[in-house]
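Enquirer: This is the structure alone, sequence omitted:
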């Protein structure tokens with residue numbers, strides 16, 4: 001049975017305060033990567049109250065719940081960990097206040113990306129109220145460890161727990177625009193060796209510090225040489241040196257060790273092997289020797305105690321503008337709001353790196369709040385966005401069925 005868009009809009013409006021209040025409750029339970037247990041317990045309670053079925057927590061600690069019993073799986077994803085608050089003095093309201101005031105919800109994670117989680121809960125309640133019984137099992141995933149290692153949660157669900165999904169929607173902030181991809185990323189560590197000697201006679205040694213300086217300048221030059229993707233949708237890749245550490249036997253010695261850490265953003269057609277080869281070539285061309293280039297690994301234990309290592313490589317992804325999932329997203333939006341959505345991309349990275357980047361499962365993004373608010377002080381999201389997204393999530397299953 002198809003659900004009428006007018007009925008969805010009425011329900012989303014009726015649950016407007018409910019959605020905002022739920023977001024406030026979620027914000028008031030802090031949860032950083034690998035410490036999400038209490039927030040997951042709260043979410044499980046809220047999801048049960050909304051009528052979700054088959055609620056379960058996976059081995060890494062992510063929560064999943066379902067509405068509908070269709071043969072195909074549509075998944076809405078919200079990571080529910082956040083970054084820290086930074087300098088508390090820069091916040092005009094307490095970072096975990098969850099204050100709802102003047103059409104805004106305040107607090108760390110309001111945009112990135114607990115607002116999406118709150119709208120998902122409301123969407124589930126709308127689908128239950130309107131007795132959705134269509135072609136899809138509509139799953140809602142409240143996932144962990146994204147801020148530390150984006151996509152790890154979905155790599156685990158797909159590869160270890162064999163969770164099957166046909167389509168996915170990331171509810172990361174898009175300002176209620178429809179997104180269809182973003183650049184990938186990877187982390188690169190460069191270790192450089194020198195030869196130490198007494199600082200009074202530096203000519204006897206080889207300074208790892210000077211090698212590191214030449215390496216940093218070579219990478220700055222490499223960044224200017226990176227090319228955009230062929231169609232210009234994702235833009236160019238980038239590389240930036242984010243850390244430099246130098247050490248030696250003492251403050252009065254030529255340093256014999258240096259480490260550079262790099263953030264590399266990958267456009268379409270670039271991957272980890274290409275990026276590492278580019279770095280090696282750039283350093284050799286700058287006269288740097290005795291260096292190694294590697295991709296580090298993430299191996300922190302989840303709050304469940306589970307350790308699931310992964311290299312810090314997060315593949316680029318996008319789906320075509322005419323893909324059935326994108327078109328269905330446009331249909332859902334226009335059926336609700338009488339206009340076409342803006343179709344675009346994220347600048348930052350999401351769990352889509354695993355869902356679509358690694359496993360080629362079609363994915364789009366639609367979420368409340370603004371990407372520019374992510375990781376910034378005084379983070380907020382608009383209650384209007386929460387209502388709008390709840391309606392969109394509830395309308396998408398019918399839009400997909402209508403295009404089948």
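Expert: Received, thanks. The structure presented is a predicted model; accordingly, all values stated were derived computationally and were not measured. Numbers count the residues shown, from 1 in each chain.
Enquirer: ok, the nearest residue in space to residue 36 that is not next to it in sequence - contacts?
Expert: Spatial nearest neighbour of residue 36, excluding adjacent residues (C-beta to C-beta, 6 or more residues apart in numbering): residue 144 at 4.8 Å. To be clear about C-beta, it is placed using only N, CA and C from the backbone, and glycine gets the same treatment. Counting by C-beta atoms under 8 Å, 6 or more residues apart in numbering, residue 144 touches 33-34, 36, 40, 60-62, 79-81, 153, 302-303.
Enquirer: At which residues are the strands of the stretch 1-150 of the chain located?
Expert: Assigned by DSSP state E, counting those that start in this stretch, the strands in the stretch 1-150 of the chain fall at 53-57, 63-67, 72-79, 100-101, 104-106, 136-143.
Enquirer: Who are the packing partners of the shortest one?
Expert: Under the contact criterion of 3 or more C-beta pairs under 8 Å, 6 or more residues apart in numbering; DSSP states H and E, strand 100-101 touches helix 16-27.
Enquirer: Could you count how many residues lie near residue 360?
Expert: Residue 360 has 11 neighbours, counted by other C-beta atoms under 10 Å.
Enquirer: which residue is nearest the centroid of this protein?
Expert: Central residue of the chain (C-alpha atoms, centre = their mean): residue 350, 2.4 Å from the mean position.
Enquirer: right, and that residue touches residue 170 too?
Expert: Yes - using C-beta atoms under 8 Å, residue 350 makes contact with residue 170 at a distance of 4.9 Å.
Enquirer: Give the residues shared as contacts by those two.
Expert: Common neighbours of residue 350 and residue 170, using C-beta under 8 Å, 6+ apart, are residue 365.
Enquirer: Among the strands of the stretch 1-150 of the chain, which comes closest to residue 7?
Expert: strand 63-67 (15.5 Å; C-beta to C-beta).
Enquirer: pLDDT (mean, whole number) over that closest one?
Expert: Averaged over strand 63-67, pLDDT sits at 98.
Enquirer: who does it pair up with?
Expert: strand 53-57 (antiparallel), strand 136-143 (antiparallel) (DSSP bridges).
Enquirer: For these, state which one has the densest average packing.
Expert: Ranked by mean neighbour count under mean count of other C-beta atoms under 10 Å, the strands paired with strand 63-67 are led by strand 136-143, which reaches a mean of 26.
Enquirer: Can you name the next helix or strand after it?
Expert: Under the assignment DSSP states H and E, the closest C-terminal helix or strand after strand 136-143 is helix 152-159.
Enquirer: Just the angle for that following helix relative to strand 72-79, thanks.
Expert: In terms of direction (axes from the mean of the first three to the mean of the last three C-alpha atoms, to 10 degrees), helix 152-159 departs from strand 72-79 by 160 degrees.
Enquirer: buried residues in helix 152-159?
Expert: Buried residues in helix 152-159, counted by 16 or more other C-beta atoms under 10 Å: 152, 153, 154, 155, 156, 157, 158.
Enquirer: Touching that helix from outside, list them.
Expert: Residues from elsewhere that reach helix 152-159 (C-beta under 8 Å, 6+ apart): 58-60, 62, 77, 79, 141, 143-146, 163, 165, 298, 308, 310, 351, 354-355, 358-359, 361.
Enquirer: Going through those residues, which ones are buried?
Expert: Of the contacts of helix 152-159, these count as buried by 16+ other C-beta under 10 Å: 58, 60, 62, 77, 79, 141, 143-146, 163, 165, 298, 308, 310, 351, 354-355, 358-359, 361.
Enquirer: one step back: residues touching the residue nearest to the centre of the chain, list them.
Expert: Applying C-beta under 8 Å, 6+ apart, the residues contacting residue 350 are 146, 150, 151, 170, 172, 182, 365.
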